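In: quick one: sequence plus predicted model below, questions after.
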Amino acid sequence: MADVAVLGAGSWGTTFAKALADGGTDTVLWARRPEAAREIDESRRNTRYLPGITLPATLHATSDIRAALEGASQVYLAVPSQQLRELLREHGGAIGPDAPIVSLIKGVEAGSRLRMSEVIAEELAIDAGRIAVVSGPNLALEIAQEHPTAAVVSSSSPETAREVAKRARNDYFHSFINTDVVGTEFGGVLKNLVALAIGIVDGVGYGENTKASIITRGLAEVTDFAVAHGAERETMSGLAGLGDLIATCGSPLSRNFTAGRLLGMGYSRTDVVARMEQVAEGLASVEPVAQLAAAAGVRMPILEQVRLVLDGEMDPRDIAPHLTTDDEPIQE
Ligand SMILES: NC(=O)C1=CN([C@@H]2O[C@H](COP(=O)(O)OP(=O)(O)OC[C@H]3O[C@@H](n4cnc5c(N)ncnc54)[C@H](O)[C@@H]3O)[C@@H](O)[C@H]2O)C=CC1
Ligand SMILES: O=C(CO)COP(=O)(O)O
């Protein structure tokens, strides 16, 4: 029986479990595949997702989800967004009645268009104050290599945010707290879409001015969208907004950047999906975010152009000149 459980042993779940264990928290990691759990437990490696990383001996792994959840005082979720509901439906009953549930996921559910904290509240029928989300400039492999960084833990309950942040910290990972769950979650979702755009123009061969223009206008777009959905504007200039935008748009480690780059090089959406070995959440978020933006009356020209490129309706070379869809100059 461990003190906290992390569900999902991909690159982020494994890295986050390592960070918790390195901070002194007794942590168990649940992997769906028994051979993955065995490799982590016996060899202290997760070669598929974190090549070259030795995991701490204090971190344990299992493919028995009920055993992982037994007695866990906090539960961290690190599966792809489109798989979360099914996981909770099947195994949510094994989660202890008071344990805070923490989403590490950066996506929205297609169809329902719900944020992950909303999926958790709906599926587990629990109060929002028991739910927290973590977001920030957190490229998994860098953190697994112990490069220092920070994140923000957000919950409508400051007490829950504090309890989680006290665990989710160590010498190389620092957690701040806030109560703006909407802004913190949407920051993590929307930077993936801007990273797709940056990847596309990188794949085309455009340079730094193009990328800086897209990041800057992207932040304005992300902020308008998040504020229209109830977020605080300041959150978008924090770690979960600007911070994550900088990290994700500037790094070849980003899967969203990589997926965009392939699109920019001329690969189709189908080819890109087939080539990605890890989840690039932005690909699944484009449609639901575009629908949410339309419903809220928020104009998102960069997102719109990413959607057109993904659908094969726009030549990637045309994306950057159209930072706005207006013919008339508009106020920055
Ligand atoms: N990798 C990173 O740098 C970061 C990722 N995230 C977010 O974390 C979430 C997870 O991403 P990664 O770990 O990076 O993805 P990944 O592609 O590296 O791993 C996903 C893991 O989920 C497992 N999985 C897939 N479907 C499942 C299911 N139905 N039940 C149980 N397990 C299932 C896979 O086997 C795999 O172990 C995403 O929302 C991502 O945006 C957030 C911050 C950093
Ligand atoms: O969320 C991340 C960095 O903060 C990881 O980005 P990618 O999912 O694009 O790899």
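Out: All right, it came through fine. Keep in mind it's a predicted model, so treat the numbers as computed, not measured. Residues are numbered from 1 along each chain as shown. Ligands and ions are numbered 1, 2, ... in the order given.
In: Val133 - that's part of a strand, no?
Out: Yes. Using DSSP: H, G, I helix; E, B strand; the rest coil, the secondary structure at Val133 is a strand.
In: so the residue nearest to it when sequence neighbours are not counted bridges to which residues?
Out: Counting by CB to CB, 6 or more residues apart in numbering, Ser103 is the residue found nearest to Val133 once chain neighbours are left out, at 4.7 Å. Bear in mind the C-beta positions are built from the backbone N, C-alpha and C, glycine included. Listed beta-bridge partners, Ser103: Leu77, Val133 (assigned using DSSP bridges).
In: how far away is Ser103 from Ala284?
Out: 16 Å (CB to CB, to the nearest Å).
In: looking at these two, which is more packed in?
Out: For Ser103 versus Ala284, the count of surrounding residues by other CB atoms under 10 Å is larger for Ser103: 29 against 19.
In: just to check, that one is in contact with Ser117?
Out: Yes. The pair formed by Ser103 and Ser117 meets the contact definition of CB atoms under 8 Å, at 5.9 Å.
In: circling back to that earlier point, residues contacting the residue nearest to Val133?
Out: With contacts defined as CB atoms under 8 Å, 6 or more residues apart in numbering, Ser103 is in contact with Leu77, Leu84, Met116, Ser117, Ile120, Ile131, Ala132, Val133, Val134, Glu185.
In: what do you get if the cut-off is 10 Å, keeping everything else the same?
Out: Remark: with contacts taken as CB atoms under 10 Å, 6 or more residues apart in numbering, Ser103 is in contact with 75-79, 81, 84, 115-120, 131-135, 154, 181, 184-185, 188.
In: try Val272
Out: Taking CB under 10 Å, 6+ apart, we find Val272 in contact with Leu196, Gly199, Thr258, Ala259, Gly260, Arg261, Leu262, Leu263, Met265, Ala280, Leu283, Leu310.
In: hmm, 6 Å instead?
Out: By CB atoms under 6 Å, 6 or more residues apart in numbering, the contact list for Val272 reads Ala259, Leu262, Leu263.
In: not counting sequence-adjacent ones, nearest residue to the residue nearest the centre of the chain?
Out: By CA atoms, centre = their mean, the mean C-alpha position of the chain lies nearest to Lys106, the distance being 2.6 Å. Here the nearest residue to Lys106 in space, its sequence neighbours aside, is Gly188; by CB to CB, 6+ apart that works out to 3.6 Å.
In: and for the residue in the stretch 1-150 of the chain positioned nearest to ligand 1, the neighbour number?
Out: Here the stretch 1-150 of the chain gets closest to ligand 1 at one residue, Gly10, 1.7 Å apart by CB to the nearest ligand atom. For Gly10, the neighbour count with other CB under 10 Å is 20.
In: look up how far ligand 2 lies from Ala226.
Out: Summarising the geometry, the distance separating Ala226 from ligand 2, computed by CB to the nearest ligand atom, to the nearest Å, is 16 Å.
In: how close does the closest residue to the residue of the stretch 1-150 of the chain closest to ligand 1 other than its chain neighbours sit to Arg255?
Out: Ranked by CB to CB, 6+ apart and with sequence neighbours excluded, the top spatial neighbour of Gly10 is Tyr49, at 5.3 Å. As for Tyr49, its distance to Arg255 is 11 Å (criterion: CB to CB).
In: residues contacting the spatially closest residue to Gly23 that is not a sequence neighbour?
Out: Leaving out its chain neighbours, the residue that sits closest to Gly23 by CB to CB, 6+ apart is Asn170, at 3.6 Å. With contact set as CB under 6 Å, 6+ apart, Asn170 has these partners: Ala19, Asp22, Gly23.
In: try 10 Å this time
Out: When contacts are counted by CB under 10 Å, 6+ apart, Asn170 touches Lys18, Ala19, Leu20, Ala21, Asp22, Gly23, Gly24, Thr25, Ile143, Glu146, Pro148.
In: let's see the ChimeraX selection covering just the buried ones among the residues you listed.
Out: Those of the contacts of Asn170 that count as buried under 16 or more other CB atoms under 10 Å are selected in ChimeraX with:
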select :18,19,20,21,22,23,25,143
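In: hmm, back to that, identify the contacts common to Ser103 and Ser117.
Out: Taking CB under 10 Å, 6+ apart as the contact rule, Ser103 and Ser117 both touch Ile131, Ala132, Val133, Ser154, Val181, Thr184, Glu185.
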